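Trainee: Got a predicted model here, sequence first, then my questions.
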Amino acid sequence: MTKRNVILYGLGMAVSAAVLLAVFQRLVQPKYMTPPSLDGNLIGDYYNSGYDHDVLFIGDCECYENFSPVTLWQDYGIPCYIRGSAQQLIWQSYYLLEDALRYEKPKVAVFNVLSMKYGEPQKEEYNRMSIEGMRWSMSKVNNIKASMTEEESFLSYVFPVLRYHSGWSSISAEDFRYFFGVKPNFFAGYYLRADVKPAANVPKGTPLTDYTFSETCWDYLNRMRTLCEENDIRLVLIKAPSLYPYWYPEWNDQITDYAAAYDLPYINFLDEEVLAETGIDYNTDTYDAGLHLNVYGAEKLSHWFGGYLRDNYALPDRSNEPLLANEYANIAARYMSEIEWQKNNLTEYGNVFGLTAQETQ
Amino acid sequence: MLFTDSAFIIGLVLLCIVYFVIPKRFRWMLLLAASLAFYAYTGIGNLLYIGTTALSTYIITLLSDGFARERTQVLSLHKKDWSRDEKKAYKARMNKRRFRLLVLCLVLNFGILAVIKYGAFTVRNVNSLIGLFGGSGMKVPEFLLPMGISFYIFQTMGYAIDVYREKYPAEKNFARLLLFVSFFPQLVQGPISRYDDLSKGLFAGNGFQPRRVLFGTQRILWGYAKKMVLADRILPAVKLLISDPEQYQGVFVFLGILYYTLELYADFTGGIDITIGIGQVLGIPITENFNRPFFSKNISEYWRRWHITLGTWFKEYLFYPVSVCKPLLDLSKWSREKFGKNVGKYVPVFVSSIIVWFVTGLWHGAAWNFIVWGLMNAVIILISEILAPQYAKFHKRFAWSNTHAYDGFQALRTTLLMGFLRMFDCYRDVPLTFRMFGTMFTKWNLHVLWDGSLMQLSLSRADYVILIVGALTLFYASLRGRKGSVRKQVLEISPVLSCAMTVALLMIIVVFGAYGLGYDASQFIYNQF
């Protein structure tokens, strides 16, 4: 065999193996297009935005299901984006903020403090949702390293096929339909729900043996604060008005003390006075009995918060900027039609996704 | 570190690249560094054990070699002036010295193995005996078994005996001997190589040869496919069937035997394929350890085709020396006189076989189940030996017993027989093994084959499809292999087909491999021995 042939055959094998692996990897990777598991696409959706946000939210579902960027835009002309993901841990929030700073420099960063309760990596599935959508950078590398549970491997983030290969037996039409990309399901990072399930019998928190947040969490909160200071970003700490998981007064006190020590604003939306000001009614404004707000609650909360941001951070009304106006007009149009679609589904099928009785089983 | 660890695979690719890039004379040094790093990864303290074996063998074989050379020189110097008796006496004196050195080497190294691997087993059994007389036992020592200790000690002692027998001179470079002892692909589960076989390739520093690298890569991938697609996929079912003997009886025991047979074969031969494949890529021929064992017509033949290097080791270094040792020859002579020619001729064979199989069982593990397993092998082989003349008559009388169909029956019989014997390995408890064997004939639950119970064994329908297709592929490859290397046959058809086969193997491993989250990263079975 000549040297030329050896190189040709070698290259042929390498290229065909790479192509086949890439195709297979894309096929078995979760597409997160089947309700209700849609939120796996949230992180990646950020890179389709215009990178010109005055406010950036970071945190878990209490962020991306409780605040409506469309309301903030429509009521105050504040462009904002929610970099949220399911059970986003504080180091993931930190690295997502760091990652976002590669593309833009918001004036305000809003961090939901619920994740302070998790001092260690939790679930692999949630890690995937928080990390896989990120573009490759040192932030992503560090995020993976900080987030991996014991049974995970770094290599499986680099080559997700190593994680999802066993999904070959459940490849469906959806995997082919969304092979080249998924359709956007979110509204500047907001996950919209238009159904209503009143909060009733909210469970009280069981006493804990130790209420102290872990050193890791404090460390990342400090790093987040420093990162904001270095980039001239105002960090706002919030606790969203979700009734559970239970937010203990002892946890609240620690955050209050920290905010006071570093002159940071901290808004606990569970505080009765603040809650009254927002106008949230847990009989009509939540879709899962107080865990998350529905779109009506999110709009109320966002309206209040928009006023707070405008008054305290002198955020300008940018609704007359054509590029932004155009971008948010598109988002708002999709937003309105989504509400209508979900309402119709509720009437017709009894659920917002339009699932038949068989599909919901 | 497992062959299936990503760190190993990445390290191996890097090693191969560097190996072919650096000058020839440095290649064996790179292999030594890689081998020591690989072993250190399993526990830095383990280097002490392997280092002791290498160093002690190095010093002792050099001394032994020195005595041999001195003997030759002195004898040639005194060729004329010494009488025959003087020469004989001198030769005996020198050989005795050399023999003492060999014994020292064997005692030291097998002593290490005995203490580490068999210390706890021995003390536990002694304690049981003491307990019978009401005494309190000794503390059971606990050692972590260094990876591959049985393999490298057997390989190194084989070298020491060969040097003693003057088959080849002792290696003068300690680093080179250390590489022979610690060559990393062999540390996981063998094979047990001979120095004169392995050293040629090990120190040759062969360069990049496309055909060899392609074949080696294909062999590696074939090994990974066996291990990851078949062995690791069926493993949870085997574990489940063994874990609850009260629930899984009757047909389940038979299924367990079949499943374990497939798992063990795919696991062990897969690991050896990876080892030999790595050697092939690097231009280091490694001795084959299997020769289509399930085509064997009887157990003796099976053991000539399964774990060949271990069998060869025992034959050369234990069976033959024991067979011709003075006490056994005396016993044979006494038996002939006492019981006649027929009985007398069997005595050395029987005694040697029982010793060899007892040690073979013990080699596999420090437990009674392995010892009983070994002795059961001996019993079947010896019965076959005794009945050999009757078999010959049978084949002569009945023509149909010489057909391919009968060959197939014999192969199936051997496979099942070996499967039954392996139950000792599965259940790891001698009375339980006999009890479970009995349930195959007393518990009639054939309905589990069609009532959906098979789907409750940690295997899905898709798993069964993969396992059946995989097992058939192995069978087909074995059949094709009788005409020579399958890889060569494919390459002769077309280089493009050969390349496509390589890519297909890679894809099969990636897609159907039982690895990653949700699967247990499982050790190679023979790595535990």
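Mentor: Cool, the structure landed. Residues are numbered from 1 along each chain as shown, chains lettered A, B, ... in the order given.
Trainee: Residue numbers of chain B in contact with chain A?
Mentor: On the criterion C-beta under 8 Å from any C-beta of the partner chain, chain A has as its neighbours in chain B the residues B:6, B:210-211, B:460, B:462, B:495-496, B:499-500, B:502-503, B:506-507, B:510-519. Placement of C-beta: from N, CA and C, glycine included.
Trainee: Just the buried residues of the residues you listed.
Mentor: Judged by neighbour count, with 16 or more other C-beta atoms under 10 Å in any protein chain shown as the criterion, the buried members of the residues of chain B next to chain A are B:6, B:210, B:495, B:499, B:502-503, B:506-507, B:510-517, B:519.
Trainee: And the helices in the stretch 251-400 of chain B?
Mentor: Applying DSSP state H, counting those that start in this stretch to the stretch 251-400 of chain B gives helices spanning B:251-282, B:299-305, B:308-314, B:320-323, B:326-339, B:341-364, B:368-397.
Trainee: Give me the pLDDT for the residue in the stretch 151-300 of chain A positioned nearest to chain B.
Mentor: Closest residue of the stretch 151-300 of chain A to chain B, C-beta to the nearest C-beta: A:S169 (4.3 Å). Predicted confidence (pLDDT) at A:S169: the value is 87.
Trainee: Would you format the helices of the stretch 251-400 of chain B as CSV with distance to B:L230, mean pLDDT and mean neighbour count included?
Mentor: Supplementary listing: the helices of the stretch 251-400 of chain B in CSV, determined by distance: least, C-beta to C-beta, whole Å; pLDDT from 0 to 100; neighbours: other C-beta atoms under 10 Å in any protein chain shown:
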stretch, distance to B:L230, mean pLDDT, mean neighbour count
helix B:251-282, 4, 95, 23
helix B:299-305, 19, 93, 18
helix B:308-314, 21, 95, 21
helix B:320-323, 37, 90, 16
helix B:326-339, 43, 86, 13
helix B:341-364, 22, 87, 18
helix B:368-397, 23, 91, 15
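Trainee: State the distance from whichever residue of the stretch 201-350 of chain B sits closest to chain A to B:R292.
Mentor: Distances between the stretch 201-350 of chain B and chain A by C-beta to the nearest C-beta are smallest at B:P210, namely 4.5 Å. As for B:P210, its distance to B:R292 is 28 Å (criterion: C-beta to C-beta, to the nearest Å).
Trainee: Same check on B:D267?
Mentor: Using C-beta to C-beta, one gets 17 Å for the distance from B:D267 to B:R292.
Trainee: what does A:C61 give?
Mentor: The value you get for A:C61 to B:R292, if C-beta to C-beta is used, is 58 Å.
Trainee: quick one, which of these two is more surrounded?
Mentor: Comparing A:C61 with B:R292 by neighbour count (other C-beta atoms under 10 Å in any protein chain shown), the higher total belongs to A:C61, at 21 against 16.
Trainee: Quick one: neighbours of the spatially closest residue to B:T275 that is not a sequence neighbour, just the number.
Mentor: Of all residues beyond its chain neighbours, the one nearest B:T275 is B:P185 (4.2 Å), with distances taken as C-beta to C-beta, 6 or more residues apart in numbering or on different chains. B:P185 is surrounded by 26 other residues when neighbours are defined as other C-beta under 10 Å.
Trainee: swap in B:Y90?
Mentor: In terms of burial, B:Y90 registers 15 neighbours under the definition other C-beta under 10 Å.
Trainee: tell me the average confidence for the helix or strand where it lies?
Mentor: Assigned by DSSP states H and E, B:Y90 belongs to helix B:84-132. Mean pLDDT, taken over the full extent of helix B:84-132, equals 90.
Trainee: can you check stretch A:76-95 too?
Mentor: Stretch A:76-95 shows an average pLDDT of 95 in the prediction.
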